[in-house]
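Q: Got a predicted structure here, sequence first:
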Amino acid sequence: MGFSIMSAVLGGIIIICYSIMIANTSNQRYWYYDFGYDYDYGYDRRYMYDTKMAISAIILVLGIAEFVIGIWAAICCCMMNPCTCCAPQQVS
């Protein structure tokens, strides 16, 4: 159960970090499209933005999946009553 909760926490951190990164990078779109081909490095800078945003979006979706699965696994683990935290207490 502890690993499930830790997974949900790390998924939440990934969601927060990559949401902020996507929000900040979306303002740089026009900066990348202004310069075009970079002869010093031998690649087109316009594609750097698209690649960066695609990878960030994939990691964001995986972070959301990790968060949801971590919460779901913690709930399932608690409902199995290994430590009787969710079970009704018996009075003797």
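A: That came through, no problem.
Q: so what secondary structure elements neighbour the helix or strand containing Ser19?
A: In this structure, Ser19 sits in helix 2-25 according to DSSP states H and E. Secondary-structure packing of helix 2-25 (3 or more C-beta pairs under 8 Å, 6 or more residues apart in numbering; DSSP states H and E): helix 46-79. Backbone N, C-alpha and C define where each C-beta goes, glycine included.
Q: buried stuff in the helix it packs on?
A: Across helix 46-79, burial judged by 16 or more other C-beta atoms under 10 Å covers 49, 53, 56, 59-60, 63-64, 66-67, 70-71, 73-74, 77-78.
Q: just stretch 10-30 next, same as before
A: Buried residues in stretch 10-30, counting neighbours by 16+ other C-beta under 10 Å, are found at Gly11, Gly12, Ile14, Ile15, Tyr18.
Q: Closest one to Met1 out of the residues you listed, please.
A: Closest approach between the buried residues of stretch 10-30 and Met1, by C-beta to C-beta: Gly11, at 15.6 Å.
Q: How about the contacts made by the closest one?
A: Contact partners of Gly11, counting by C-beta atoms under 8 Å, 6 or more residues apart in numbering, are Gly63, Ile64, Ala65, Glu66, Phe67, Val68, Ile69, Gly70.
Q: Quick check: which ranges of the protein have low pLDDT?
A: Residue ranges of the chain with pLDDT under 70: 26-49, 81-92.
Q: run the last query once more with 80
A: 25-51, 80-92 (pLDDT under 80).
Q: coming back round to it: just name the closest of the buried residues of helix 46-79 to Asn24, please.
A: Nearest to Asn24 among these, counting by C-beta to C-beta, is Ser56 at 10.4 Å.
Q: where does that closest one sit relative to Met6, distance-wise?
A: Distance, Ser56 to Met6, by C-beta to C-beta, to the nearest Å: 23 Å.
Q: Also Phe67?
A: 12 Å.
Q: what's the answer for Ile64, then?
A: For Ile64, the distance to Met6 equals 17 Å [C-beta to C-beta].
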